[in-house]
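A.B. asks: fold the following and give me the result.
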Amino acid sequence: MSPRKAQDCENMDQVRVEIDRIDRVLVELIAERFTYVDRAWQLKDAPEDAVVPWRIQQVVDKVRAQAEEKGLPPELAEALWRQMIGWFIQYEEEKLREGSDGE
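C.D. replies: Residues are numbered from 1 along each chain as shown. So this is what the prediction gives:
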């Protein structure tokens with residue numbers, strides 16, 4: 001069954017089916033993104049290398065612009081990405097600390 005457009009949903013069951021479909025895709029994409037974050041910490045030397053302010057701002061700026069193009073509130077996109085980026089930074093810092101403790 002192909003995806004149904006929001007305006008074509010006739011009841012809440014149809015809306016929920018589409019939201020569940022989208023959630024599955026989002027989880028797959030975030031899982032794929034995580035594989036790159038997992039590789040990134042392996043290419044860094046120290047926990048302080050996990051935070052790269054200019055790169056964080058670059059990602060947020062791109063996401064805000066993409067959100068605006070798609071009619072999504074840029075504030076929502078920024079909030080979601082900052083939360084995700086924060087978690088990934090914490091993950092990288094922990095992995096880098098573990099690596100430096102083991103040496």
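A.B. asks: in this protein, where's the longest helix?
C.D. replies: Using DSSP state H to define each element, the chain has its longest helix at helix 12-42.
A.B. asks: averaged pLDDT, stretch 34-46. What do you get?
C.D. replies: In this model, stretch 34-46 has a mean pLDDT of 96.
A.B. asks: re earlier: buried stuff in the longest helix of the chain?
C.D. replies: Neighbour counts over helix 12-42 (16 or more other Cβ atoms under 10 Å) mark 18, 37, 40-41 as buried. C-betas here are computed from N, CA, C, even on glycine.
A.B. asks: dump these to TSV, plus distance to K95.
C.D. replies: Shown next, in TSV, are those (distance: Cβ to Cβ, whole Å):
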residue	distance to K95
E18	36
V37	10
A40	10
W41	4
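A.B. asks: return the member of these nearest to W81.
C.D. replies: Set against W81, the nearest of those by Cβ to Cβ is V37 (12.9 Å).
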